[in-house]
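Student: Sharing a model that was predicted from the sequence below.
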Amino acid sequence: MRPEKPLYERDPEAWRAHLAEGNATQPRKRVGADALVRDDSGRLLLVDPKYKPDWDLPGGMSEANEPPADTVRRELKEELGLDIRPGPLLCVDWVSPHGPWDDSLMFIFDGGILGHDRIDDIKMLDGELAAFAFCDEGQAAERLRPYVWRRVQAALEGLQAGRAMYLHDGWRW
């Protein structure tokens, strides 16, 4: 007796419906993506969002089905008028549930080095930002939330090592 063929072979439409049902009931994660952008002196580009108390890296939250690298490019263009194609992934941080938020995945990509001509073109465009500044590491450590600073430090290490770092809540895994 021959074994029955699997569902995906017997009834491809039923198989697709089964997958769609599973997809609809599986948990979703918030995804955010930032860029590590530097100037010629190695200072980091930070932004001061109006909607939260601390400074941050430029970037933001992904839209539905948007790849993280596309998120970075879109956010930099919308907020600062910068058209930067992100470089390699430097860091991914799993952020545990906190306050009203479920868990999330936060990515940092290499945003490259901006020369003075490109820095002069930065404009705050969409009203979400109060300011931007290029900061040395000491200034960045003072302005960023501690777990964001740990994430940035890991991204800087990833940049030097040539490989992405993986974190949990800003701590090395």
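Tutor: Now that the structure is in, tell me what you want to look at.
Student: Help me confirm that Trp94 comes into contact with Phe107.
Tutor: No. Using Cβ atoms under 8 Å as the test, Trp94 is too far from Phe107 to be in contact (10.8 Å). The way it works is simple: take the backbone N, C-alpha and C, and place the C-beta from them, glycine included.
Student: neighbour-wise, which of the two wins?
Tutor: Phe107 (25 against 15; other Cβ atoms under 10 Å).
Student: Export only the CA atoms of the helix or strand that contains that one, formatted as PDB.
Tutor: Using DSSP states H and E, Phe107 sits within strand 104-114. The C-alpha trace of strand 104-114 is given here as PDB (Å, rounded to 0.1, in the frame of the first residue of the first chain):
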ATOM      1  CA  SER A 104      10.700  44.000  19.300                       C
ATOM      2  CA  LEU A 105      13.700  43.500  17.000                       C
ATOM      3  CA  MET A 106      15.900  46.600  16.600                       C
ATOM      4  CA  PHE A 107      18.500  46.700  13.800                       C
ATOM      5  CA  ILE A 108      21.400  49.100  13.300                       C
ATOM      6  CA  PHE A 109      22.900  49.400   9.800                       C
ATOM      7  CA  ASP A 110      26.100  51.200   8.700                       C
ATOM      8  CA  GLY A 111      25.000  54.600   7.400                       C
ATOM      9  CA  GLY A 112      28.400  55.500   6.300                       C
ATOM     10  CA  ILE A 113      30.400  58.700   6.600                       C
ATOM     11  CA  LEU A 114      29.000  62.000   5.500                       C
END
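Student: Specify the local secondary structure of Glu21.
Tutor: Classification of Glu21 by DSSP: H, G, I helix; E, B strand; the rest coil places it in helix.
Student: What is the neighbour count of it?
Tutor: 10.
Student: before we move on, what about Leu89?
Tutor: 18.
Student: One more: Ile108?
Tutor: Ile108 has 31 nearby residues by other Cβ under 10 Å.
Student: State the distance from it to Arg2.
Tutor: Remark: distance between Ile108 and Arg2 (Cβ to Cβ, to the nearest Å) = 53 Å.
Student: before we move on, back to that, neighbouring contacts of the helix or strand following the strand holding Phe107?
Tutor: Using DSSP H and E, the helix or strand that directly follows strand 104-114 along the chain is helix 116-120. Helix 116-120 has contacts (Cβ atoms under 8 Å, 6 or more residues apart in numbering) with Asp39, Asp40, Leu82, Phe134.
Student: list the buried ones in whichever helix or strand comes after helix 116-120?
Tutor: Proceeding N to C from helix 116-120, the next assigned helix or strand is strand 129-135, under DSSP H and E. Burial within strand 129-135, assessed by neighbour count using 16 or more other Cβ atoms under 10 Å, is assigned to Leu129, Phe132, Phe134, Cys135.
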